[in-house]
Structure formats: C-alpha cells, structure tokens
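Asker: Provided below for reference: sequence and predicted model.
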Amino acid sequence: MTSSYKKYTYILSLVSLSIMTVSCSTASEKKHEISHQSQTQKASSNPAKLKNDDGFLLTSLPYNSNAHLNCILSAQRMNCGSINLIDSVGLINVYKFINPSYGDSVVFPETSAGVLLIASPSTSERETPEINLTTVNKFGLVKSITLDASQNIVINQKYEVLYKEYGKDLKLKLNDQGEFVQ
C-alpha cells in the first residue's frame, strides 16, 4: 500500500505541478496580452505625426510665431509640441522658391482649395525678427509676404493671419488662389 500511495502522491504532485505551470504560463500570457493591448491603445491615442505629399511633417493650426521662434532657440528643437521644424536645406531641395537665408520653417496642412502654406523665419535689415509666409496654389503659383514678428503672429484654423503693424491689430485671410487679402 505504501508503494501505491507513494506512486499516487508522486502522480498527484506531477499533476499539481503541471496545473500550476499551465496556470502560471496562462497568467504570463495574459499579462503579456494585456501589456500588448495597453501599448496598442497608447499608440492609437498618440497618432503618428502627419506628413504632406512631399514628406514634410505638418504643423497643425493654430500657429503662433512666438512658439516657432522659441522652438528654434530651444535646446530641444525636435520636441516643440505642435511645432514641427523643418530644416531649410531640406525644404530648398523640394521647394526651390524658398530663400536660403530663411531659418527652420514649418509647413501647414493644405487648405480645402489645395493651397500650401509655409512659415519661415528671417531677420530684417534692422535686425528684427520676421516671418515669411509663402503660399503655393493648386496651379503652382508662388506668393510670399513678410511680416514683422517682433509682435506675435497667429494663424488660426481658418487660415486667417492676425498680427500687429504700427500698434494696430490687422487680419489677413488666405483665399483660394493662395493670396492674402484683407
């Protein structure tokens, strides 16, 4: 009886050990599955940054020139929130009309009329900051305006440019032809 008891105990121990191993591996698999689901949810809650057809990261609207200029001056230039700086050399390789003296620029999503808008910083002859707004309409026509950036320039989601000139609040609207109009 003792030998069959030992055999029974041994088999019962093996079965128990086997059940515990399966249970642990199932728990480990569940833990891995939960971890994978959590990472998937994090990835979907942080969507990939959008690029335009030419492969440049887009800066979402609203835009403000102070954030753009501060990002350029920051030690963490590639981590500036909604501002996605694009090296001027990279821009010039694709957009030949960009002035090589411009600093790191931002590209915005195209308007519903297919107008591309690029904001590029520069310095005036008086050593004051400027923002150059360059547009390209769906026919490839390039237009550009330069605004004094010593006061913050804002571009809202309607592609309206709000800025100050000689202490006066002004507003320009980007039309379907890629022109800024009052």
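Answerer: Arrived safely, thanks for sending. Since the structure is predicted, the reported quantities are computational estimates derived from the model, not experimental observations. Numbers count the residues shown, from 1 in each chain.
Asker: how much distance is there from stretch 165-182 to the middle of the chain?
Answerer: Once both centres are worked out by CA atoms, centre = their mean, to the nearest Å, stretch 165-182 turns out to sit 26 Å from its chain's centre.
Asker: where does the spatially most central residue of the chain sit, in terms of helix or strand?
Answerer: For the chain, the residue nearest the mean C-alpha position is residue 49 (4.4 Å; CA atoms, centre = their mean). Applying DSSP states H and E as the criterion places residue 49 outside every helix and strand.
Asker: show me what contacts it?
Answerer: 57-58, 84 (CB atoms under 8 Å, 6 or more residues apart in numbering). For every residue, glycine as well, the C-beta is placed using N, CA and C.
Asker: before we move on, what about residue 136?
Answerer: Residue 136 neighbours (CB under 8 Å, 6+ apart): 95, 97, 115-116, 142, 178.
Asker: looking at the residues you listed, which is nearest residue 156?
Answerer: Nearest to residue 156 among the contacts of residue 136 is residue 115, at 15.2 Å by CB to CB.
Asker: could you report the neighbour count for residue 156?
Answerer: Applying other CB atoms under 10 Å, we find 14 residues neighbouring residue 156.
Asker: the closest residue to it other than its chain neighbours and residue 109, how far apart?
Answerer: Excluding the flanking residues, the one nearest residue 156 by CB to CB, 6 or more residues apart in numbering is residue 62, at 5.0 Å. Look at residue 62 and residue 109: by CB to CB, to the nearest Å, they are 12 Å apart.
Asker: could you report the neighbour count for residue 130?
Answerer: Neighbour tally, residue 130, other CB under 10 Å: 18.
Asker: helix or strand for it, which one?
Answerer: Assigned by DSSP H and E, residue 130 falls in strand 129-136.
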